[in-house]
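1. Model the following, please.
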Amino acid sequence: MKRNNLLGALISMPAVLIYSLFVIYPLISAFRYSFTSWDGIGAKEFVGLANYIQIFQSPELVASIKNSLSLIVFFSVFPIFFGLLLANFIVRIRTQKIRSITQVILFFPQILPLAASGIAWSWMYAKNGLVNQFLTAVGLEKFAQSWLAGFSTALPAVGIIGAWVLTGFCAVLLATGISKIDSSLYEAARIDGANWWSEFRNVTIPGLRQEISVLITVTTIAALSSFDIIYVTTLGGPGSSTLVPGISIYRLAFTQSSVGLASAFGILLMVIVLIAIVPIQFYSRRSDQ
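-> Numbering: from 1, shown residues only. From the prediction side, this is the model:
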């Protein structure tokens, strides 16, 4: 037994070293830098909590946090809601081949690089893009505009891109979860005279509690740490209407040479993610007991 434990430890050693080198060490370094004023080159000056205080005193940085929280609606709520509807549709397809093709099509946006998705949607949102062409074709040309250039439309437009990317992922995972639910539960519900909505609410949703918890976790993290799509489409503009912490940290560290402040914002973002995720995980595990 001791020999097996020693062998397992030796096998896992490279993974532990790589994780420590690329995750633990940078995290510790960022935590240390967050208490300093440093431009990335010169000497570091200890400033205590000044960087963290400056974050909450900066309207731009506070706005970026609010924007990332708003994106949770598009990156998490919408994909999970529509994913549930699509998953329920998928499992009702009788032909396995058609079901598989449907899942592949829905999952395809998840395979594409986020930068490529952002570029494609930027073309669609352009003044002469597909979105405005469609509005013109159906007689709604008065609503046509440069969607990514408007202060009130840029954030929802970016959010729709995230929803498009994540909806297929949610649908496929939820469809897999539905297929694992005991069919006898549905049969019992039908015998009791339950309709489609009653089955969905009383059998499907409770049976997908674990999958929904995972999806809320993954999509919430995606919303709070979003960078690729926004960098490619708006770069945080116009103004700060689509600015998110990821873009702010990039600007602070690489264009303003405020490594200490950028590190503090990165640590704060990690805390926000933990505050959002830990209660979800706690509730999920408590419900399964």
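2. Pull out the buried positions in stretch 116-123.
-> For stretch 116-123, the buried set under the neighbour-count rule, 16 or more other C-beta atoms under 10 Å, comprises 117-118, 121-122. For glycine as for every other residue, the C-beta is placed from the backbone atoms N, C-alpha and C.
3. Quick one: mean pLDDT for it?
-> For stretch 116-123, mean pLDDT rounds to 93.
4. Report the distance from that stretch to the chain centre.
-> Remark: stretch 116-123 is offset 18 Å from the chain centroid, using C-alpha atoms, centre = their mean, to the nearest Å.
5. Over to stretch 89-101?
-> 27 Å.
6. In that stretch, which residues have enough neighbours to count as buried?
-> 90-91, 99.
7. quick one: the helices in the stretch 51-200 of the chain?
-> Counting by DSSP state H, counting those that start in this stretch, the stretch 51-200 of the chain has helices at residues 59-72, 78-91, 96-111, 114-125, 130-137, 154-179, 183-191, 196-199.
8. what mean pLDDT does whatever helix or strand P279 lives in have?
-> P279 is located in helix 259-288, with elements delineated by DSSP states H and E. The average of the pLDDT scores along helix 259-288 is 88.
9. Now do that helix against helix 59-72: the angle between them, please.
-> 30 degrees (axes from the mean of the first three to the mean of the last three C-alpha atoms, to 10 degrees).
10. which strands and helices sit next to helix 259-288?
-> helix 25-33, helix 50-57, helix 59-72, helix 209-224, helix 245-254 (3 or more C-beta pairs under 8 Å, 6 or more residues apart in numbering; DSSP states H and E).
11. hang on, the earlier thing: tell me which of the helices of the stretch 51-200 of the chain is the most buried.
-> helix 154-179 (a mean of 22; mean count of other C-beta atoms under 10 Å).
12. so where's this structure uncertain?
-> Within the chain, the segments meeting pLDDT under 70 span 1-12, 286-289.
13. Just give me the closest of the buried residues of stretch 89-101 to I18.
-> Distance to I18 across the buried residues of stretch 89-101 (C-beta to C-beta) is lowest for I90, with 37.3 Å.
14. so who does the closest one touch?
-> Residues in contact with I90 (C-beta atoms under 8 Å, 6 or more residues apart in numbering) are 99, 102-103, 106, 171-172, 175.
15. Same question for S284.
-> Neighbour list for S284: 209-210, 213 [criterion: C-beta under 8 Å, 6+ apart].
16. quick one: which of those residues is most hemmed in?
-> Counting neighbours by other C-beta atoms under 10 Å, S213 comes out on top of those with 18 neighbours.
17. Leaving aside the residues adjacent along the chain, what's closest to that residue?
-> Distances taken as C-beta to C-beta, 6 or more residues apart in numbering put S284 closest to S213, at 3.6 Å, once the chain neighbours are dropped.
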